[in-house]
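**Student:** here is a sequence with its predicted model. Questions after.
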Amino acid sequence: MLTQTTTRVLEPSDLGAALAILESEPVANAFVTSRVQVAGLDPWRLGGEMWGWYADGRLRSLCYAGANLVPICAGPEAVRAFADRARRAGRRCSSIVGPAEPTALLWRLLEPGWGPAREVRANQPLMVTESPSADIAPDPLVRLIRKDETDILMPACVAMFTEEVGISPLAGDGGLLYQARVAELIGAGRSFARIDDGKVVFKAEIGAATTQACQIQGVWVAPEHRGKGLSETGMAAVLRYALADVAPIVSLYVNDYNAPARKAYRRVGFRETGTFMSVLF
């Protein structure tokens, strides 16, 4: 028998089925799961559409289509269906990101119409830990950032984003959306830094959080303080908080060519368990 498949935009009534798929891979899907748990499937609140791929009437795969295009638990047939829908809709995202295999296929299908990309990062190790290393003592000066310290933190956030992504987050809308996101993380108690003499020396955020897993992002050390081990002791401090107060599993993904960061994260207790891929426009 031929399998009957279809793809459609999910509605709020599909929330339970969507969460079942998202929560089947809690680490890989932490970013999208955290958004859906807060906003549901309403596109306005979610910041994008959630596409569902059905086989014989059962929801099997998802694709988040917002500022990022993210394939979720998607095999080749689902990826092809999502690519067809994305081509028809036209590119609205600033990146395609997700587990390497489906993301690579999605990009191969979309590249003829959407390319060239500004940058393709095909190998980004996904790193995970459930317990911190006993070898690295947490930096006692790394702490949660207060709302009244937003102006102190912002220059470091802009520097990190520009260094990591290759463009300034202040471009386009003058940085309004980016500043709102920084403020949101501070307000949620998920932004950490060490501030010496009024300047940020180390910073990181818990960018996505569910009851099952959370994801650290935006790790940055001021250039003049690099090579002193601050990324390790700073990450140890953030990791201790995350495991104690946020989720039992902590993850992050890193560029494969960033050997110093990968070494530092391994020393803190992370291990590589998979591979992500990002396509930046």
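**Tutor:** That came through fine. Only a predicted model underlies this, so the values are computations on that prediction, with no experimental measurement involved. Residues are numbered from 1 along each chain as shown.
**Student:** what sits up against stretch 45-52?
**Tutor:** Applying Cβ atoms under 8 Å, 6 or more residues apart in numbering, the contact partners of stretch 45-52 are 7-10, 14, 17-18, 35-36, 39-41, 43, 59, 61-67, 82, 85. From N, CA and C alone the C-beta is placed, and that goes for glycine too.
**Student:** any idea how far apart the tips of stretch 158-173 sit?
**Tutor:** Start and end residues of stretch 158-173 are separated by 14 Å (Cα to Cα, to the nearest Å).
**Student:** run through who's touching that stretch.
**Tutor:** Stretch 158-173 is touched from outside by 118-119, 157, 175, 178, 203, 218-220, 280, with contacts defined as Cβ under 8 Å, 6+ apart.
**Student:** one step back: filter the contacts of stretch 45-52 down to the ones in helices?
**Tutor:** The helices, defined by DSSP state H, take in 17-18, 35-36, 39, 43, 82, 85 from these.
**Student:** quick one: contacts for the most centrally placed residue in the chain?
**Tutor:** Taking Cα atoms, centre = their mean, the centroid of the chain lies closest to Phe31, which sits 5.2 Å from it. Going by Cβ under 8 Å, 6+ apart, Phe31 touches 70, 207-208, 215.
**Student:** of those residues, grab the buried ones for ChimeraX.
**Tutor:** Selection of buried members from the contacts of Phe31 for ChimeraX, criterion 16 or more other Cβ atoms under 10 Å:
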select :70,207,208,215
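**Student:** in the contacts of Phe31, find the pair that's most separated.
**Tutor:** Val70 and Gly207 (13.8 Å; Cβ to Cβ).
**Student:** picking up where we left off before, among the contacts of stretch 158-173, which ones are buried?
**Tutor:** Buried residues within the contacts of stretch 158-173, counting neighbours by 16+ other Cβ under 10 Å: 157, 175, 178, 203, 218-220.
**Student:** make TSV out of the residues you listed and add pLDDT, distance to Leu22 and secondary structure.
**Tutor:** Shown next, in TSV, are those (pLDDT from 0 to 100; distance: Cβ to Cβ, whole Å; DSSP: H, G, I helix; E, B strand; the rest coil):
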residue	pLDDT	distance to Leu22	secondary structure
Cys157	97	28	helix
Gly175	82	30	coil
Tyr178	92	26	helix
Lys203	98	28	strand
Gly218	96	23	strand
Val219	97	25	strand
Trp220	97	29	strand
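**Student:** and those residues, which two are furthest apart?
**Tutor:** Greatest spatial distance among those (Cβ to Cβ): Gly175 and Val219, at 20.4 Å.
**Student:** re the thing from before, return the per-residue confidence for the residue nearest to the centre of the chain.
**Tutor:** The model reports Phe31 with a pLDDT of 95.
**Student:** restricted to strands, list the contacts of Phe31.
**Tutor:** Of the contacts of Phe31, the ones assigned to strands by DSSP state E are 70, 207-208, 215.
**Student:** check which helix or strand the residue lying closest to Met154 once chain neighbours are set aside maps to.
**Tutor:** For Met154, ignoring the flanking residues on the chain, the nearest one in space by Cβ to Cβ, 6 or more residues apart in numbering is Val182 at 6.3 Å. Assigned by DSSP states H and E, Val182 belongs to helix 176-187.
**Student:** off-centre distance for that helix?
**Tutor:** Put simply, helix 176-187 sits 15 Å off its chain's centre (Cα atoms, centre = their mean, to the nearest Å).
**Student:** buried sites along it?
**Tutor:** Buried residues in helix 176-187 (16+ other Cβ under 10 Å): 178-179, 182, 185-186.
**Student:** for the stretch 1-150 of the chain, what spans make up the helices?
**Tutor:** Counting by DSSP state H, counting those that start in this stretch, the segments of the stretch 1-150 of the chain that form helices are 15-22, 30-39, 43-46, 76-89, 100-114, 150-165.
**Student:** indicate which one of those is closest to Met127.
**Tutor:** Of all those, helix 30-39 sits nearest to Met127, with 12.7 Å by Cβ to Cβ.
**Student:** can you mark which positions in the closest one are buried?
**Tutor:** Using 16+ other Cβ under 10 Å as the burial criterion, the residues of helix 30-39 that qualify are 30-36.
**Student:** what do you get for stretch 209-223?
**Tutor:** For stretch 209-223, using 16+ other Cβ under 10 Å, the buried residues are 209-210, 212-222.
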